[in-house]
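[1] Got a predicted structure plus its sequence, pasted below:
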Amino acid sequence: MNTFRYKDITLSAEERAKDLIHRMSIEEKVAQLQCYNPKDKNGPNLENSFQDGVGAIAFLSAAWDDSKEMVADKLRDYQKKVMERSRFDIPALFHIEGLTGVLMPEATSFPTGIGRGSAWDPELEYEAGKVIGKEMSAVGIKHALAPVLDVTRDARLGRQGESYGEDPTLVSALGTSYVVGIQNSGENDEYNIMATSKHFIGYHAGQGGIHAAATNVPERELQEIFGKPFQSAISKGNLRSVMNQYGSVNGEPVAASKYLLQDLLRKEMGFNGLLVADYASIEELFTRMKVCEGKNEAAVKALNAGFDLELPTPSAYGDNLIQLLEEGKINIQLLDETVLRVLTEKFRLGIFENPFPSSYEKIEEVFNKEESKKISLKYARESLVLLKNNGILPLDTADKKNSYNWT
């Protein structure tokens, strides 16, 4: 087994990634853009597919495991199989939902986004992000699918509860605090997580409050209202990952939009991290939206738009990419730029050196901190909203201070 784990501190993460890319075959590069989904029993698996490794693993299946130890054991097993298939021991990047805590057993739980928005407490959101980051990192997961930076103004949308609320300044403040907290930005190497803000851009402005419906808003409103939280997280929080929305904006499907994902997000907003496709959104370019004839055309459009990872399973980013490269429909330089971003983030996250979960003892210590429970309880209290005052307020502290058990 070829171990590519040198620790030359004179080389940056990007320099290490460039050196590795020069050694890789086209097949190995394509593998880094793909994702394995253990929950998809009918899809490709580690026993019969991904012979050159795989870029990422969708780990939402951890929600159905029995314990945090089981989650760690499964991650370790999957990671070993992935690295055994790679000539250079390239580890996979595991992702999981992290909005209200790590989506797995025994993790600390927090109120949903709309509740935390009601608290108006950026400092507490930062602390919540730190708790989630520590627990996630302990079991070996390094890619958080959170925070949700959608500005929501239509209560009919079924996912409104994920958002912090309707005010772009509030969403910006809380979302950026979460990003800084979970990414351990500016602190020591206690843990290292990559946050993913979503859903870029204007998702909650879809017509009729319908999921994936068309968003039609003036350009100024799109940027100043719905784009503001993303800009804040990028500029102030060093955001490392962004996920797209499913629908179209002003008549253009987001998953194929060079304007939105390259010109606006990368060039104007200055984002230089990973752009990951929301689940099956690239595939939906030809299955639902019918703007592409098939997976090959969708792959070309998605790569040109700047997508680095197709989640949660290969469809457009399958082995067909190799043929498209050979036919000259995809530029090898474009492929290298995409793979460079994937590998650079893996080096930044330190998973080449530490691809596996912490010890059982360390996991137990991280997951059972009294301080984490106190932060969760404080957030639950601050998120309370009085919808109707039936004589509850003002409180008569002399008579009622002992009537409520807040513990």
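    Arrived safely, thanks for sending. Numbers count the residues shown, from 1 in each chain.

[2] can you give me the helices for the stretch 251-400 of the chain?
    For the stretch 251-400 of the chain, the helices defined by DSSP state H, counting those that start in this stretch cover 258, 284-287, 295-305, 320-326, 332-349, 360-367, 370-382, 397-400.

[3] Now those in TSV, please, with extra columns for mean pLDDT, distance to V139 and mean neighbour count.
    Yep, even glycine has a C-beta here, placed from its N, CA and C like the rest. Putting those into TSV (pLDDT from 0 to 100; distance: least, CB to CB, whole Å; neighbours: other CB atoms under 10 Å) gives the following:
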stretch	mean pLDDT	distance to V139	mean neighbour count
helix 258	97	37	14
helix 284-287	96	31	21
helix 295-305	97	30	22
helix 320-326	95	31	17
helix 332-349	97	14	19
helix 360-367	96	6	15
helix 370-382	97	15	15
helix 397-400	62	43	8
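
[4] could I get those as JSON lines with distance to A128?
    Compiled in JSON lines, the helices of the stretch 251-400 of the chain are given as follows (distance: least, CB to CB, whole Å):
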{"stretch": "helix 258", "distance to A128": "35"}
{"stretch": "helix 284-287", "distance to A128": "32"}
{"stretch": "helix 295-305", "distance to A128": "32"}
{"stretch": "helix 320-326", "distance to A128": "39"}
{"stretch": "helix 332-349", "distance to A128": "21"}
{"stretch": "helix 360-367", "distance to A128": "15"}
{"stretch": "helix 370-382", "distance to A128": "6"}
{"stretch": "helix 397-400", "distance to A128": "29"}
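
[5] G165 is nearest to which of those helices?
    Closest to G165 of those, according to CB to CB: helix 370-382, at 14.1 Å.

[6] and that closest one, what other elements does it pack with?
    Here helix 370-382 touches helix 113-119, helix 122-138, going by 3 or more CB pairs under 8 Å, 6 or more residues apart in numbering; DSSP states H and E.

[7] any idea which of those helices is most buried?
    Most buried of the helices and strands packed on helix 370-382, by mean neighbour count (mean count of other CB atoms under 10 Å): helix 122-138, with a mean of 23.

[8] What lies in contact with the helix or strand just after it?
    The element immediately downstream of helix 122-138 (helix or strand, assigned by DSSP states H and E) is strand 143-145. Applying CB atoms under 8 Å, 6 or more residues apart in numbering, the contact partners of strand 143-145 are 56, 93-99, 132-133, 136, 182, 193-196, 198, 241, 243.

[9] now swap in stretch 33-44 and tell me
    45-46, 49-50, 54-61, 74, 78, 82, 92, 308-314, 317-318, 321, 338-339, 342.

[10] mind listing what's buried in it?
    By neighbour count on 16 or more other CB atoms under 10 Å, the buried set for stretch 33-44 is 33-38, 44.

[11] picking that back up, closest to P168 out of the helices of the stretch 251-400 of the chain?
    Set against P168 and scored by CB to CB, the helices of the stretch 251-400 of the chain come closest in helix 370-382, at 21.1 Å.

[12] what about S109, is that helix, strand or coil?
    Put simply, S109 is coil when judged by DSSP: H, G, I helix; E, B strand; the rest coil.

[13] Just the ones of the contacts of strand 143-145 in strands?
    Members of those lying in strands (criterion: DSSP state E): 56, 93-97, 194-196, 198, 241, 243.

[14] Reformat these as JSON lines; add pLDDT.
    Below are these laid out as JSON lines (pLDDT from 0 to 100):
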{"residue": "A56", "pLDDT": "98"}
{"residue": "L93", "pLDDT": "98"}
{"residue": "F94", "pLDDT": "98"}
{"residue": "H95", "pLDDT": "98"}
{"residue": "I96", "pLDDT": "98"}
{"residue": "E97", "pLDDT": "97"}
{"residue": "M194", "pLDDT": "97"}
{"residue": "A195", "pLDDT": "98"}
{"residue": "T196", "pLDDT": "98"}
{"residue": "K198", "pLDDT": "97"}
{"residue": "S241", "pLDDT": "98"}
{"residue": "M243", "pLDDT": "98"}
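
[15] Spatially nearest residue to T176 (excluding sequence neighbours)?
    Leaving aside its sequence neighbours, T176 sits nearest to G237 (CB to CB, 6 or more residues apart in numbering; 4.4 Å).

[16] Please read the previous query as pertaining to L324.
    Closest residue to L324 apart from its sequence neighbours, by CB to CB, 6+ apart: I330 at 4.6 Å.

[17] from memory that neighbour sits against L303, does it?
    Yes: here I330 reaches L303: they are 6.1 Å apart, a contact under CB atoms under 8 Å.

[18] low-confidence ranges in the stretch 51-200 of the chain?
    The model of the stretch 51-200 of the chain has pLDDT under 70 over residues 185-189.

[19] now do 80
    185-190 (pLDDT under 80).

[20] what's near enough to touch the residue nearest to L324?
    Listed by CB under 8 Å, 6+ apart, the contact partners of I330 are 299-300, 303, 321, 324.
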